[in-house]
Every structure is written in structure tokens, then in C-alpha cells.
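>>> Provided below for reference: sequence and predicted model.
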Amino acid sequence: MIKQGREVKTDISDVFRTSYGTVDISTMKSVYLNLSSWVEPLYDNDNWERAITKFKYNIDNLIHRELRETRLKKKAIVDLDLRGSGMRKGKRSFMRCEVTMFTENKNKPDIKSKELTTSLNHITNMVINETLIPTKGFKFHRTKK
């Protein structure tokens, strides 16, 4: 069986590992965007789940707002993987965010096309600079140590 997926690593941030890709290069029905980092809370809190839910809500709103400016379908799935249990001040927790976006039936872009790359890099920058970095109470790191 031949591997059908493709992934393109992007070097957008010093703090976040970022990439985008597709599961099936031949049909290109969807593209995904990955962001990962280590999150360190700057204060103690009994209920981190509320802050994590707010993270996901803000990312979801931004993605749907930015999809209006692209040739992708106007729906997306945001999967934020950050566990609130065990989070405490000074301890880094792994965060991974995967956004799945769907291509239009008539527009099957090439995974490395300039238009798709520009759109996905713009969305990645917006997620980092408008939802994650400005969040008070967290510091982001590229590595655990």
C-alpha cells in the first residue's frame, strides 16, 4: 500500500511547531493544520478546564472568520489537546491543536501551491498571534525543558 498523505513543515514561530498537510494527496478533500507547544501556567488555578475551553472557543472563532477569506469551505473542525489535570504553576504541559479544513469540490489545490501555502500560513499566524500569545497567564515553550 502506498502512503497517500503529505505534510509540509512550516517555520512560522520560534515557540510553536507548525505544519500543514493532507491525508490523501490524490483527492485532497481536506487539509489539516497542526500547532504544538509546551504550555506553562504562570499562576495556580483549581479549574484549568475553563481556560482550555476558552482557548478552543477563541481558536474556533478565528478559524471560521479567516476561512471567509480563502477558497476553502467555510467549515472546519478544531481539536485542541491540552489536559487541565496536572497543570500547575511552573510545570509545562504539552498542547497540540489540529484544525481540519475542507476543500471545495471544484477546487483541488496542490498541497504546495502558493495560494494554499499563503492562506494556511496566514491562518497559522493569526491563531498564534491573536489567540494564543495574548492569553494572560500562560507562557509557551518549544521544548519541555
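Structure received.
>>> Do me a favour and average the pLDDT over the lengthiest helix in the chain.
Counting residues, the longest helix found in the chain (DSSP state H) is helix 48-67. Averaging pLDDT along helix 48-67 gives 92.
>>> in its sheet, what does the next helix or strand after it sit against?
Proceeding N to C from helix 48-67, the next assigned helix or strand is strand 72-81, under DSSP states H and E. If you go by DSSP bridges, strand 72-81 pairs up with strand 93-103 (antiparallel).
>>> which other residues reach the partner strand?
28-40, 59, 63, 67, 72-73, 75-83, 86-87, 109, 123, 127, 144 (C-beta atoms under 8 Å, 6 or more residues apart in numbering). No exception for glycine: its C-beta is placed from N, CA and C like everyone else's.
>>> Ok, stretch 51-59 next?
Here stretch 51-59 makes contact (C-beta under 8 Å, 6+ apart) with 45, 78, 80, 82, 84, 97, 99, 127, 131-132, 135, 137-138.
>>> As CSV, those residues with distance to Lys114, pLDDT and neighbour count would be great.
Output for the contacts of stretch 51-59, formatted as CSV (distance: C-beta to C-beta, whole Å; pLDDT from 0 to 100; neighbours: other C-beta atoms under 10 Å):
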residue, distance to Lys114, pLDDT, neighbour count
Asn45, 43, 85, 14
Val78, 25, 96, 21
Leu80, 29, 95, 17
Leu82, 32, 93, 19
Gly84, 39, 88, 15
Cys97, 24, 96, 25
Val99, 20, 97, 24
Val127, 21, 94, 24
Thr131, 25, 91, 20
Leu132, 26, 89, 21
Thr135, 31, 81, 14
Gly137, 38, 84, 12
Phe138, 34, 90, 20
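>>> and the two most separated of those?
Greatest spatial distance among the contacts of stretch 51-59 (C-beta to C-beta): Asn45 and Val99, at 26.0 Å.
>>> what about the nearest residue to Lys89 once chain neighbours are set aside, neighbour count?
Computed as C-beta to C-beta, 6 or more residues apart in numbering, the closest residue to Lys89 that is not its neighbour in sequence is Asp44, at 4.9 Å. When neighbours are defined as other C-beta atoms under 10 Å, Asp44 has 10 of them.
>>> pLDDT at Asp44, what is it?
Asp44 is assigned a predicted lDDT (pLDDT) of 88.
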